[in-house]
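Undergrad: Give me coordinates for this.
(one chain, ligands or ions: 1)
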Amino acid sequence: MNEMNFMKKLIILVATAFFLHLQTEAQNLADGEKIFKTTCTACHTIGKGKLVGPDLAGVNARRTPKWLLEFTKSPQALIKKGDPIATKLFNDYNKIQMPDPNLTEVQIKNVLAFIKSKSAPATVVKPVIANTKATTAKAVISNTTSKIQEVKKTSSPVADWIDAEYKIKSFSFAGEINPKDLNASIWNNQKTNMLPISVQNFTYPNLQTASVDSISVKSVYRSNQVVFLLEWLDSSKNVEVDVDKFCDQIAIQFPLNTNEIPSYMMGNKDGMVHIIHWKSIWQEDKEKGYRDVQVMYPNMWVDIYPGLESYLDRSKRVYAQDITSEQIVETHSFGNMPGTYSHNPMSQIKRKEPVEEANAVGFGTIATQETQQAKAWGQWSNGKWTVCIVVPVNTGNIYKAKFTDKTKVAFALWDGGFGNIGGRKHFIPWVDLILEK
Ligand code: HEC
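TA: Predicted structure coming up:
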């Protein structure tokens, strides 16, 4: 009898302990989820691809628990120590240092447990395809306004972005599109995809405050081209560059390998991207002729303008404003300028298009492509830029984008009037490009 009582008590005790254990485990996971969402999602996803840092799905299988604990506590300490895995990760991820999260050991264990729980295959695979069909362009637009507001409020807009799964619908077209015809009738019939934009505040030089909310994107495609009509509000037209002046710009980016999407931040090692970059300064040059000192410093004069001796009356003072754009281009073409002479792509003065195609494998690696096929035209009017960009695809050139059913596109945008330049920019991470039949 006593023994039976004891057994009953024991069973109750064990069951209670087990129940409490389950309960604390659930609490720990909830705690881990909260930490993950507030401190990690700006740079990591679990099963939705790379962001600034690696996709953490399955990280528990790739690394030992001891290493994970030590790394997550202080990635900086581990890199300093010369840990080979941490060093390799650091180099592979554009030398961006993951900040020490400043969490207790318990919190770190909880967040790692949460990542592990989310790494189970059943939760990783999302029914993206089913989703895609159901989301009409209309739904995307109506969603957008509230999303923009959310993005403005939250401290980690990229995380919202990843969850929202924005899409651009591109429609097939036949014939030719002239990018200069920004009012072409083909654009009237196309759906507008409004995409909220974020700021690059992960690495220096960075941007903390957005001056642009969103980009409106229309897109059409045919076998070897995809064409975008991009519009965004910008109160000032900035088309000059000087030590303290920057121009407005927009860039489109495609992964070369759509099976393994690289970092949206200009790709990564083994993950090259195709970048198509339009600049307002090139646009203005196309419209007004190449602008040089004669525009920037019209009252400047020097004794000698190399290459222009035969044109200029040396008996009197010649000001920069007396020199024509054609004459400037000609002096450069004489090869007096080391940049032009050595065909440095940065020094080009006879651009065919106000746009350039390049490739990158991470920050600081951008390189101009040898074969330039993109076309573009832009116009600023009434506080709005409208830019049409024709991108060559499926050309057989390994450095250019090739379309698959998993094609993605990302954008970068610079507001020159707000000091945007280089890494100090707005951006939109990878968005699915849906090629509608
Ligand atoms: C500012 C961006 C950023 C934030 C925020 C961030 N990480 Fe990272 N994380 C990285 C980068 C970048 C790497 C790659 C290693 C490196 O460059 O230092 C990385 C690597 C990792 C790794 C190793 C991945 C692997 O494949 O071995 C883990 C684990 C990790 N982070 C967990 C976390 C957790 C947990 C949080 C939140 C508490 C977090 N990270 C917050 C940028 C970030």
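
Undergrad: which stretches of this protein have low pLDDT?
TA: Along the chain, the parts satisfying pLDDT under 70 run over 1-2, 4, 13, 16, 18-20, 22, 120-164, 333-336.

Undergrad: Okay, buried residues for the longest helix that the chain contains please.
TA: When the chain is parsed with DSSP state H, its longest helix is helix 2-35. Buried residues in helix 2-35, counted by 16 or more other C-beta atoms under 10 Å: N28, L29, D31, G32, E33, I35. Bear in mind the C-beta positions are built from the backbone N, C-alpha and C, glycine included.

Undergrad: can I get the CA coordinates of the helix or strand that it is followed by in CSV?
TA: With elements assigned by DSSP states H and E, the helix or strand that comes after helix 2-35 is helix 59-62. Provided in CSV are the C-alpha atoms of helix 59-62 (Å, rounded to 0.1, in the frame of the first residue of the first chain):
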residue,chain,number,x,y,z
VAL,A,59,23.9,26.3,-38.3
ASN,A,60,23.6,23.9,-35.4
ALA,A,61,24.5,21.1,-37.8
ARG,A,62,27.5,23.0,-39.4
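
Undergrad: quick one on the thing from earlier: TSV for the buried residues of helix 2-35, including distance to the ligand?
TA: Shown next, in TSV, are the buried residues of helix 2-35 (distance: C-beta to the nearest ligand atom, whole Å):
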residue	distance to the ligand
N28	14
L29	14
D31	12
G32	9
E33	11
I35	6
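
Undergrad: Can you lay out those residues as a markdown table showing distance to T104?
TA: Shown next, in a markdown table, are the buried residues of helix 2-35 (distance: C-beta to C-beta, whole Å):
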| residue | distance to T104 |
| --- | --- |
| N28 | 13 |
| L29 | 16 |
| D31 | 11 |
| G32 | 12 |
| E33 | 16 |
| I35 | 10 |
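
Undergrad: Please work out how many residues are found near P306.
TA: 10 (other C-beta atoms under 10 Å).

Undergrad: What distance do you get for it to P255?
TA: 45 Å (C-beta to C-beta, to the nearest Å).

Undergrad: ditto for W278
TA: W278 sits at a distance of 20 Å from P255 (criterion: C-beta to C-beta).

Undergrad: residues from this protein in reach of the ligand?
TA: Residues of the chain lying close to the ligand (C-beta under 6 Å from any ligand atom) are 35, 39-40, 42-44, 52-54, 56, 59, 62-63, 68, 71-72, 75, 89-90, 93, 96-99, 101, 111, 202.

Undergrad: Quick one, which of the residues you listed are buried?
TA: 35, 39-40, 42-44, 52-54, 56, 59, 68, 71-72, 75, 89-90, 93, 96, 98, 111, 202.

Undergrad: Disregarding residues adjacent in the polypeptide, which is nearest to the residue of the stretch 301-437 of the chain found nearest the ligand?
TA: Nearest to the ligand in the stretch 301-437 of the chain, going by C-beta to the nearest ligand atom, is G362, at a distance of 11.2 Å. Spatial nearest neighbour of G362, chain neighbours left out: N94 (4.1 Å); criterion: C-beta to C-beta, 6 or more residues apart in numbering.

Undergrad: what's the burial count for the one you found?
TA: Residues near N94, counting by other C-beta under 10 Å: 21.

Undergrad: Quick check: can you list the domain ranges of this protein?
TA: Following automatic domain parsing, one finds the domains of the chain at 2-124, 128-288+350-436, 293-341.

Undergrad: which one of the ones you listed is the most hemmed in?
TA: Ranked by mean neighbour count, the domains of the chain are led by domain 128-288+350-436 with a mean of 18 (mean count of other C-beta atoms under 10 Å).

Undergrad: chain center to that one: distance?
TA: 8 Å (C-alpha atoms, centre = their mean, to the nearest Å).

Undergrad: So for C43, what's the nearest residue that isn't a sequence neighbour?
TA: In space, and not counting its chain neighbours, C43 is closest to V52: 3.9 Å by C-beta to C-beta, 6+ apart.

Undergrad: what sits against the one you found?
TA: By C-beta atoms under 8 Å, 6 or more residues apart in numbering, the residues touching V52 are A42, C43, H44, Y93, I96, F202, S263, M265.

Undergrad: Please apply the same query to Q372.
TA: Q372 neighbours (C-beta under 8 Å, 6+ apart): K352, E353, E356, E357.

Undergrad: farthest pair in these?
TA: In these, two members sit farther apart than any others by C-beta to C-beta. They are K352 and E357, at 11.7 Å.

Undergrad: and the longest strand seen in the chain, what other elements does it pack with?
TA: Looking across the chain with DSSP state E, the single longest strand is strand 426-436. Judged by 3 or more C-beta pairs under 8 Å, 6 or more residues apart in numbering; DSSP states H and E, strand 426-436 is in contact with helix 128-134, helix 157-164, strand 167-172, strand 193-196, strand 198-199, strand 214-222, strand 408-414.
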